[in-house]
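Peer 1: With the sequence up front, the predicted model follows.
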Amino acid sequence: MKVLVVNAGSSSLKYQLFDTAAGSVIAKGNCERIGIDGQITHKMPGRPDYKAAEPMHDHTEATKVLISVLTSPEVGCISDMSEIEAVGHRIVHGGAYFSESMLVTPEVIAKLELCRDLAPLHTGAHLMGLKGITDAMPTTPQVLVFDTAFHQTMPDYAWMYPIPYEMYEKYSIRRYGAHGTSHRFVAGEMCKILGRTEGTKIITCHLGNGSSISAVKDGKVVDTSMGFTPLDGIEMGTRCGSIDPAIVTFIMEHEGYTPSEMSDFMNKQCGLLGVSGLSPDCRDLGDAIAEGNKRAKLAVDILTYQIKKYIGAYTAAMNGLDALVFTAGIGENRDEIRAAACADLDFLGIKLDAAINEKTRLQSNIVKISAEDSRVPVYVIPTNEELVIASDTERIVNSL
Ligand code: ADP
């Protein structure tokens with residue numbers, strides 16, 4: 001089945017066209033700078049990348065550009081959009097409405113509208129992307145795959161914040177988590193390696209620009225570090241993660257920030273960038289540390305210490321640990337961060353093979369990085385959220 005996967009972000013719209021029978025990606029690309037000017041990059045195996053400036057005022061216009069590129073006789077890969085049998089959309093926030101992927105219907109769109117408040121930039125982009133695809137392919141089935149869905153199995157004491165219950169009822173303020181599609185994929189791969197799902201206790205560390213850690217018991221999330229929004233949890237590239245909430249009001253008062261300025265501050269000026277004063281990117285920080293930069297080291301020390309604390313906390317929450325998984329940009333590529341996060345965890349049965357860990361980067365296969373005598377196996381599992389979206393879409397459409 002040819003499945004188009006659409007990932008509409010706040011100012012970009014990424015896409016991948018899958019041939020699910022062959023298990024291959026036919027083409028992929030990105031519409032960027034939406035609402036600014038607009039640029040598309042389109043990639044196909046064995047062909048030079050195609051790049052063009054195209055006006056894109058919003059995500060609906062971006063879908064029009066992507067459709068014209070996909071069907072272009074010169075640079076495209078299909079003659080007509082009817083060749084695409086289904087479309088899967090990545091949806092950042094499904095609130096408490098969606099605990100699994102859903103076929104698009106008017107009722108589902110109405111519920112998605114209700115999630116706007118929870119992720120205004122993303123939900124608006126998703127709805128405009130959906131509209132563009134629906135206009136162009138009104139009879140093609142579409143499926144929504146939610147980043148929050150995999151986390152809907154958390155028990156109430158893990159998702160409820162200690163605030164007046166009425167605030168939860170009034171505004172739906174609770175822990176939702178994020179990166180669920182990635183956690184689901186790597187936890188699923190880990191269960192395959194362990195040979196079972198029931199009875200497994202796994203911690204999945206999705207460490208990228210945005211980072212989250214999940215505790216997955218019996219294949220179901222029991223806790224996750226991101227919360228009401230993707231600002232909660234561990235230190236990230238530019239996000240602060242969990243901080244004393246009093247810091248928020250203190251800075252607002254003393255710096256005279258409005259709520260939206262404060263939100264900008266916490267999302268864009270904190271984390272690795274804020275502490276180091278240098279960069280949100282671990283590659284830059286690694287170089288700076290090698291040159292003796294103390295603030296870069298502090299920024300990375302905070303991150304690895306927090307990862308370690310989550311590993312300890314989630315092992316306690318699950319009363320044990322059968323496997324630890326690292327994924328995403330940092331998790332797949334930064335051996336020094338994995339090593340520091342796992343150092344001195346031998347009391348939990350975690351011991352890395354230093355040599356294997358050090359050379360594990362930029363690989364597309366699964367690698368076991370723990371030592372032979374480590375009681376808990378530790379793996380690097382490259383994530384593939386688009387593949388999950390394509391296979392959910394195919395499964396749901398095939399069941400119609
Ligand atoms: P996003 O959350 O935006 O998808 P990524 O998963 O790409 O982010 O993660 C970005 C982080 O991963 C950066 O800190 C970067 O240093 C690190 N990273 C990504 N790719 C590599 C690589 N090839 N080698 C080393 N570090 C990498």
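Peer 2: Now that the structure is in, tell me what you want to look at.

Peer 1: For the rest of this, base every contact and every neighbour count on C-alpha atoms.
Peer 2: Fine.

Peer 1: and the nearest residue to residue 219 once chain neighbours are set aside, what does it touch?
Peer 2: Once flanking residues are discounted, residue 219 sits nearest to residue 197: 5.5 Å by Cα to Cα, 6 or more residues apart in numbering. By Cα atoms under 8 Å, 6 or more residues apart in numbering, the contact set of residue 197 is 191, 218-219.

Peer 1: now those as a markdown table including distance to the ligand, pLDDT and secondary structure?
Peer 2: As requested, these are exported to a markdown table (distance: Cα to the nearest ligand atom, whole Å; pLDDT from 0 to 100; DSSP: H, G, I helix; E, B strand; the rest coil):
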| residue | distance to the ligand | pLDDT | secondary structure |
| --- | --- | --- | --- |
| 191 | 22 | 98 | helix |
| 218 | 26 | 98 | coil |
| 219 | 23 | 98 | coil |
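
Peer 1: which outside residues touch stretch 343-361?
Peer 2: 332-336, 338-339, 342, 367, 369-378, 380.

Peer 1: quick one, what contacts residue 206?
Peer 2: 179, 182-183, 212-213, 326-328, 331.

Peer 1: In helices only, show me the residues you listed.
Peer 2: Within the contacts of residue 206, residues falling in helices by DSSP state H are 182-183, 328, 331.

Peer 1: how close does residue 93 sit to residue 347?
Peer 2: Distance of residue 93 to residue 347, computed by Cα to Cα, to the nearest Å: 37 Å.

Peer 1: let me fix that: residue 83
Peer 2: Taking Cα to Cα, one finds residue 83 at 55 Å from residue 347.

Peer 1: Residue numbers of this structure in contact with the ligand?
Peer 2: Contacts of the chain with the ligand, taken as Cα under 6 Å from any ligand atom, map to 208-210, 281-283, 328-330, 333-334, 362.

Peer 1: let's see it at 5 Å
Peer 2: 208-210, 281-283, 328-330, 333 (Cα under 5 Å from any ligand atom).

Peer 1: Count residues in the vicinity of whichever residue of the stretch 1-150 of the chain sits closest to the ligand, would you?
Peer 2: Here the residue of the stretch 1-150 of the chain nearest the ligand is residue 9; by Cα to the nearest ligand atom that distance is 11.0 Å. If you count neighbours by other Cα atoms under 10 Å, residue 9 ends up with 22.

Peer 1: Also the one 5 residues further on?
Peer 2: By other Cα under 10 Å, the residues close to residue 14 number 21.

Peer 1: pretty sure it is in a helix, no?
Peer 2: No: if the criterion is DSSP: H, G, I helix; E, B strand; the rest coil, then residue 14 is strand and not within a helix.

Peer 1: how about it, what does it touch?
Peer 2: Contacts of residue 14 by Cα under 8 Å, 6+ apart are 6-8, 28-31.

Peer 1: Nearest residue to it in space, please, no chain neighbours.
Peer 2: residue 30 is the one closest to residue 14 (Cα to Cα, 6+ apart), at 4.2 Å.

Peer 1: in stretch 141-156, what's buried?
Peer 2: 141-154 (16 or more other Cα atoms under 10 Å).

Peer 1: Tell me the bridge partners for residue 86.
Peer 2: Beta-bridge partners of residue 86, counted by DSSP bridges, are residue 3.

Peer 1: Quick check, it in contact with residue 398.
Peer 2: No: counting by Cα atoms under 8 Å, residue 398 is not a contact partner of residue 86; they are 9.9 Å apart.

Peer 1: Settle it for me: which of the two has more neighbours?
Peer 2: residue 86 (23 against 10).

Peer 1: what about residue 257, neighbour count?
Peer 2: Residues lying near residue 257 (other Cα under 10 Å) number 16.

Peer 1: quick one: secondary structure of it?
Peer 2: coil.

Peer 1: Excluding covalently adjacent residues, which one is nearest to the residue nearest to the spatial centre of the chain?
Peer 2: The residue lying closest to the centre of the chain (Cα atoms, centre = their mean) is residue 179, at 3.3 Å. Spatial nearest neighbour of residue 179, excluding adjacent residues (Cα to Cα, 6+ apart): residue 147 at 5.2 Å.

Peer 1: With residue 142 instead?
Peer 2: Nearest non-adjacent residue to residue 142, counting by Cα to Cα, 6+ apart: residue 87, 4.7 Å away.

Peer 1: Let me know whether that neighbour touches residue 141 as I believe.
Peer 2: Yes: at 6.5 Å, residue 87 counts as touching residue 141 under the criterion of Cα under 8 Å.

Peer 1: the helices in the stretch 101-250 of the chain, which residues?
Peer 2: With helices called from DSSP state H, counting those that start in this stretch, the stretch 101-250 of the chain shows them at 106-113, 120-136, 156-159, 165-171, 180-194, 245-255.
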